[in-house]
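A.B. asks: Sequence and predicted structure, then a few things I'm wondering about:
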Amino acid sequence: MPKKVIVPKKTPMLEQPPDERIRNFDEVPYGYTAEEAMAEARRCLECARPGCMSGCPVNINIPGFLKLIAEGDFRGAINLIKETNALPAITGRVCPQEEQCEGVCALCKRFEPVAIGRLERFAADWEAEQGPPEIPTLPPPTGKKVAVVGSGPAGLTVAADLVKKGHYVTIFEALHEPGGVLIYGIPEFRLPKAIVRREVEYVCSLGVKLVKDFVVGNAATVDELLQEYDAVFLGTGAGLPWFLNIPGENLNGVYSANEYLTRSNLMKAYRFPEYDTPIARGQRVATIGGGNVAMDAARTALRLGAKESIIVYRRSRDEMPARKEEIHHAEEEGVIFELLTTPVALHGDSNGWVKEVECIRNELGEPDASGRRRPVPIKDSNFRIPVDVVVLAIGQSPNPLIPKTTPDLQVAKYGVVIVDEKTMKTSKRGVFAGGDVATGGATVILAMGHGKKAAASIDEYLRTGEW
Amino acid sequence: MNVSWDGERHAHDPFEPGPVTVVERKPLAPNIQLLTVHAPIVAAKIRPGNFVIVRADEYAERTPLTVADWDRNQGTISMVFMTVGTSTYKLSKLKKGDVLPTFAGPLGKAMEIDSWGTVLLIGGCYGIGIIYPLARALKEKGNRVISLVEGRSEFLLYWRDRLEAVSDQTIYATKDLSLGDHRDAADVVESLMKAGEPVQRVFVIGCTFLMYHMSQVTRPYGIKTIVSLNPIMIDGTGMCGACRVSVGGQTRFACVDGPDFDGHQVDWDLLLARRKAYLGPEAESVER
């Protein structure tokens, strides 16, 4: 067998140019053509002991699907991916591959890794172009019923895995559109909503039932669900936005990132007045925070017409929790970074609208509990940034509605539901949890990884009855 | 092979809400509408003070409406609302049999109902409908219920027979004196106080100004006054923080911490300012 020729760099993926894309909400990267995908897949070294799979929270057979793409068997590739991942078009777009599969690719040592994420996306998009997806053969019904609370990445994964085991699954969603953070949080230009709908439809086509506008905790408590269902999975996410507790935070024009993004994404305020929900189209928008949500908000602000979109982050670039690609895209689009800067107050005009963010400069001190260097304020370095919209993207924690109405469900700090990390069992018999509700806020793929673990242990619980 | 799941067993899911259909929609007074829908799961759980989130079509805002009545046997819920913008205008055009694309509830904390002795309920505008189930619940709990309804003129005061049926005393105040002996609710409250009426608790539901004004009137008498706040909301489940209000110096979310708060603790200036945040876009939307 001839020795493999190493191609040092990833096959580039075409993107909308920055000056064009900041005027629309269309997706930024265009995706690979079949030829590009095959060329990129051929870069795989076919390692004897591949590291990429172990780097994947949902254990996709990565070498297997890369080989199939390289051979042009795209149907085979997508079916192989879907054996373990029900949402490939989503994960191919929003996974932090550089920290997972691609981060441990053997090529990484000297070259760029195989573009595994782009190829996953390619396979999923190719399938969508071929018409309705192939539905796998399902086992006979077990008669067991499972209620999944929340239709985000964790809930969809649990539902897909359990229905494939023959259980009845009903998903309860509080909002009017399924998808959780994939719908209300991640913007259209990063994850088109048509793709989320397609993936949700796929999960439903497996036989999962979806009930929307159903607020578990209020319309039915977890205990009431347990009277009808043999197990309950809580995948309710981290929906409670944090505020800074600084003066002026309740001024008009000050949004939590959840509100700003929900208005734009779920309620389609970017298409106001075609859609009825408005959003403040600021000329100068400051987004507080340095994570992926902050990048999403800052880039949304540009597309809503902001002349200047400013990220205010208290540490330096190296400590930013956002994916490198998101920071890169934001920079390309002209987002301004005010680093080592902490807001201390928001000032308003006489109508109660925000007009300035008062900030203080920091220097970096010793590392804190997160391992990142702690910001230390520099005395008397206060200055003001003129703004008309401020978005707070400083984190969120789980919504307390379910813990409040489920007395024997144990929660930790910030209302994070306590689970056994191997089984995703909560303190309450028959109740499992996973995703952001059990972590406090992480990634789509980690939520899906939790979903897979939970589905396996729910299946075991349903079969054995053992807790 | 296609999916082989037992559709029949699945179909008998007691938590499947089914389509939420309009049973009745009619004007109660100019600009004030009654909307009754069939939503049995929500109706089974609803309590006074709860609200629901409603959309009339797929383009509409998620509009919070406090419930005005329900029938658990029929599985129906009634809301009374004022037509103020595009989304409520759309609701005001619904017809019997229409299906609402969004109807979620019950949301918010239920009103605390206890036996206090004498209670005074003040309603104006859409709040007249909302104090009705509250009066009923307070009456059932053994309170002496005084209902006070305010409006510009008699023709704006709907549901009088209903309120009278669940109140020990019903008082009307109209700006033009077309009904009752008082021009505004503040006069009535003052005269009740002067007459030594032993009011233990006051509830005010209606426009922000009415709730603010009544809270100022009762403050010197030290009578706990509960108001049902109506800030802008989106999800209604505590997810966005649009509805944040300041109560006793603390930021609270009206959707999950409320909507009912102590009127003497509310930062009214902030509430009034935040309610005006989208007046410009709303005008644009309505014109369209």
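C.D. replies: Alright, I've got the coordinates.

A.B. asks: ok, stretch A:272-285 near chain B or not?
C.D. replies: Yes: Stretch A:272-285 reaches chain B (CB under 8 Å from any CB of the partner chain) through A:272, A:273, A:274, A:275, A:276, A:277, A:278, A:280. No exception for glycine: its C-beta is placed from N, CA and C like everyone else's.

A.B. asks: Report the buried members of the residues you listed.
C.D. replies: In the residues of stretch A:272-285 next to chain B, burial by neighbour count holds for A:272, A:273, A:275, A:276, A:277, A:278, A:280, counting by 16 or more other CB atoms under 10 Å in any protein chain shown.

A.B. asks: quick one: secondary structure of the fifth one?
C.D. replies: Secondary structure assignment for residue A:277 (DSSP: H, G, I helix; E, B strand; the rest coil): coil.

A.B. asks: excluding its backbone neighbours, what's nearest it?
C.D. replies: residue A:267 (3.7 Å; CB to CB, 6 or more residues apart in numbering or on different chains).

A.B. asks: Next, count neighbours for that neighbour.
C.D. replies: A count of neighbours around residue A:267, defined by other CB atoms under 10 Å in any protein chain shown, yields 26.

A.B. asks: Enumerate every residue touching it.
C.D. replies: Counting by CB atoms under 8 Å, 6 or more residues apart in numbering or on different chains, residue A:267 touches A:275, A:277, B:61, B:62, B:234.

A.B. asks: Let me know the closest of those to residue A:164.
C.D. replies: Closest approach to residue A:164 among those (CB to CB): residue B:62, at 33.9 Å.

A.B. asks: ok, now how distant is that closest one from residue B:55?
C.D. replies: 6 Å (CB to CB, to the nearest Å).

A.B. asks: okay, and the common contacts of these two?
C.D. replies: Joint contacts of residue B:62 and residue B:55 (CB under 8 Å, 6+ apart) are A:176, B:102.

A.B. asks: Run through chain A and note the low-pLDDT ranges.
C.D. replies: Residues of chain A meeting the criterion pLDDT under 70: A:1-3.

A.B. asks: quick check: longest helix of it.
C.D. replies: helix A:444-464 (DSSP state H).

A.B. asks: for it, which positions count as buried?
C.D. replies: A:444-459, A:461-462.

A.B. asks: For that helix, name the packing helices and strands.
C.D. replies: helix A:88-94, helix A:153-163, strand A:231-234, strand A:431-433, helix A:436-439 (3 or more CB pairs under 8 Å, 6 or more residues apart in numbering or on different chains; DSSP states H and E).

A.B. asks: which residues does residue A:347 bridge with?
C.D. replies: Beta-bridge partners recorded for residue A:347 (DSSP bridges): residue A:356.

A.B. asks: neighbours of it, just the number please.
C.D. replies: When neighbours are counted by other CB under 10 Å, residue A:347 comes out with 15.

A.B. asks: Residue B:62 - how many residues pack around it?
C.D. replies: With other CB under 10 Å as criterion, residue B:62 counts 21.

A.B. asks: Do you know the pLDDT at the residue lying closest to residue B:111 once chain neighbours are set aside?
C.D. replies: Leaving out its chain neighbours, the residue that sits closest to residue B:111 by CB to CB, 6+ apart is residue B:49, at 3.1 Å. pLDDT recorded at residue B:49 is 93.
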